[in-house]
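> sharing a model that was predicted from the sequence below.
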Amino acid sequence: MSQTSFSADWLNQFSDPYAVLGLAIAADDRRILKRYRTVAKILHPDMPGNSEPPIKELATQLLARLVNPAYQQLKQEKERSETLATLRFRVRRFNQEEPLLPQSASARQLLQVPPHAIEMFYEQAVAHLAELQFQPLDQFEAITRQLNELNLVYLYLKMGEPIFREKRTGIVATGQTKSPVSPSPVETAQAASSYARRHYQRAQVYIHNANWSPAIAELRDAIRLEPDKGEYHSLLAKVYLMQNLTGMAKVHFRQALKLNPQDPLALEYVSRLKLVLDQPKPVVSSATISKSAGNKLFGLFTRKP
């Protein structure tokens, strides 16, 4: 990367401020500030590694023309929301024009990760790349491109979902970050339940504001992660009903009552929709079957000729 690299066209390639700073999309205020301070310290002209004139100039240009503007875009909630909207628009446009074909290994791997493990893999991959991004400085361009792809794939996989921002413990410290690993079965089950609940809670917010389409998307994702939760089915049924999709509503009300015959929301609509519920088949014990078979067999031997 030479000084002549800082043309307008070159700078426009790094329009994702999260990638420029080495941050995950869900980063909160504290994480953004902490990462910015870390990067600004690395790029400070008085740092021992920046003593050579070409390196010092490169560090100064990166800080002034990319890092500082990126931080300005992310330090306030309003600007973050606008940035996220722009990135999502870009993902939707890419999705309409051509299939998403990332070049970096981490982004390709993220496309193959099961839904319940997306968040964990993505966060670990971003933290891993962030450690390499500015050390040495000539890695910035390649690593930032990888981070940009990773963010686009993440937003593609989360298309239609609000980004759930949480208070976190900060970015992973240097030396503690590990390459992305597959979660254990216990972690997988716990993550699925946790993420499903988040989808359900976000759906409730959308329903409160009468935003039916995103509510449906959230509840479908919740059911995909935890298909045996009756309350997810009954709430989805109600949303379908609000959109006059009575047939779909009936399907999910029936499923809710199948999973939980006492589901209050589903029971509320049973009579209103004139739902005909499947009657459970009587359970026949093995003892009864044996007795019945024995009686038939006994009858064969006692029948008169």
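Cool, the structure landed. Being a predicted model, the structure only gives us computed values, none of them experimental.
> in stretch 140-155, which residues are buried?
Residues 140, 143-155 are the ones in stretch 140-155 that count as buried (16 or more other C-beta atoms under 10 Å). (C-beta placed from N, C-alpha, C; glycine too.)
> now stretch 72-92
So for stretch 72-92, counting by 16+ other C-beta under 10 Å, buried means 73-74, 80, 83-84, 87-88, 91.
> domain ranges for the chain, per the record?
Residue ranges for the domains of the chain, per automatic domain parsing: 3-157, 185-273.
> and those as TSV, adding mean pLDDT?
Output for the domains of the chain, formatted as TSV (pLDDT from 0 to 100):
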stretch	mean pLDDT
domain 3-157	87
domain 185-273	84
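> Pro102 and Asn151, how far apart?
Distance of Pro102 to Asn151, computed by C-beta to C-beta, to the nearest Å: 11 Å.
> with His233 instead?
Distance of His233 to Asn151, computed by C-beta to C-beta: 33 Å.
> check Asn209 too.
In this view, Asn209 and Asn151 are 27 Å apart by C-beta to C-beta.
> same question for Tyr200.
According to C-beta to C-beta, Tyr200 and Asn151 sit 26 Å apart.
> same check, this time on Lys75
Going from Lys75 to Asn151 by C-beta to C-beta gives 18 Å.
> same thing with Val205?
Applying C-beta to C-beta, the value for Val205 to Asn151 is 24 Å.
> quick one: contacts for Arg90?
Residues near Arg90 by C-beta atoms under 8 Å, 6 or more residues apart in numbering: Leu152.
> how is it assigned, secondary-structure-wise?
helix (DSSP: H, G, I helix; E, B strand; the rest coil).
> could the buried residues of stretch 72-92 be laid out in TSV, adding secondary structure and distance to Pro115?
Formatted as TSV, the buried residues of stretch 72-92 follow (DSSP: H, G, I helix; E, B strand; the rest coil; distance: C-beta to C-beta, whole Å):
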residue	secondary structure	distance to Pro115
Gln73	helix	29
Leu74	helix	27
Arg80	helix	25
Thr83	helix	25
Leu84	helix	20
Leu87	helix	20
Arg88	helix	18
Val91	helix	17
